[in-house]
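[1] sharing a model that was predicted from the sequence below.
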Amino acid sequence: MHYDIDYANIFHFHFEGKKECILFPQSETRYLYKVPHSIIAHESIDFSNPDYGKWPALKKAEGFKSTLEHGDMLFMPEGYWHYMKYLTPGFSMSLRALARNPFNFGKAAYNIFIMRYFDVMMRRLKGQKWIDSKNERAILRTNRLVST
Ligand SMILES: [Fe+2]
C-alpha cells in the first residue's frame, strides 16, 4: 500500500484477467500505519485480508475496494493510497498527470527533493536500525489513535 511520490492523477486501464484494487484518500493516512519518511504503509499488513487484531486502526479507515476486469478504467485522484493485486493474469497501463492542487504539488516536491534523500542518508548511516525504528514508529503512532 502506497501513494505515488509525485501525487500524480492517474487513469489506470486494465486488460485481461482480474485485479483487486483497494484505495484510501489522504484523509485516512493516520489509520494506515504509514511508515515515517516514506510513502508506504507498514509492509506486514495484508490489505486484502487485514488482521484487525494486529492492526486495529485499520478498522477506522474508510476507503474503496473494487475488482477491475478487462476494459475497466480506474481514476485515482492525486495522493490516493493504492494496493493492487492481480487475481488472474492480465496487465494494466496508467496515464499520469502532475498534481494540480498546489499544496500536493509542494508535498510532491518535498518528497522528491528532500524526503527521499534524507531517508537514503539515514539508511546509509544507521542501516537496518533506521528501517526497524521507522516500522516501530508506524505502529506506535497509529495504535495511539485507537488506544485513547
Ligand atoms: Fe503507485
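    Nice, I can see it. Not measured: the values here are computed from a predicted model.
[2] helix/strand/coil for Phe113?
    The three-state label given to Phe113 by DSSP: H, G, I helix; E, B strand; the rest coil is helix.
[3] ok, how many other residues are close to it?
    Neighbour count of Phe113, defined by other C-beta atoms under 10 Å: 9. In short, each C-beta sits where N, CA and C put it, glycine included.
[4] swap in Lys60?
    13.
[5] what does it show for phi and psi?
    Main-chain torsions, Lys60, degrees, to the nearest 10: phi -80, psi -20.
[6] quick one: it and Tyr31 touch, right?
    Yes. Contact criterion C-beta atoms under 8 Å: Lys60 and Tyr31 qualify, at 4.8 Å.
[7] next, show the common contact partners of the two.
    Leu145 (C-beta atoms under 8 Å, 6 or more residues apart in numbering).
[8] hmm, Asn143 is touching Lys59, no?
    No. Using C-beta under 8 Å as the test, Asn143 is too far from Lys59 to be in contact (11.9 Å).
[9] which one's more surrounded, these two?
    Neighbours per residue (other C-beta under 10 Å) separate Asn143 from Lys59, with Asn143 holding more: 14 against 10.
[10] noted, bye for now.
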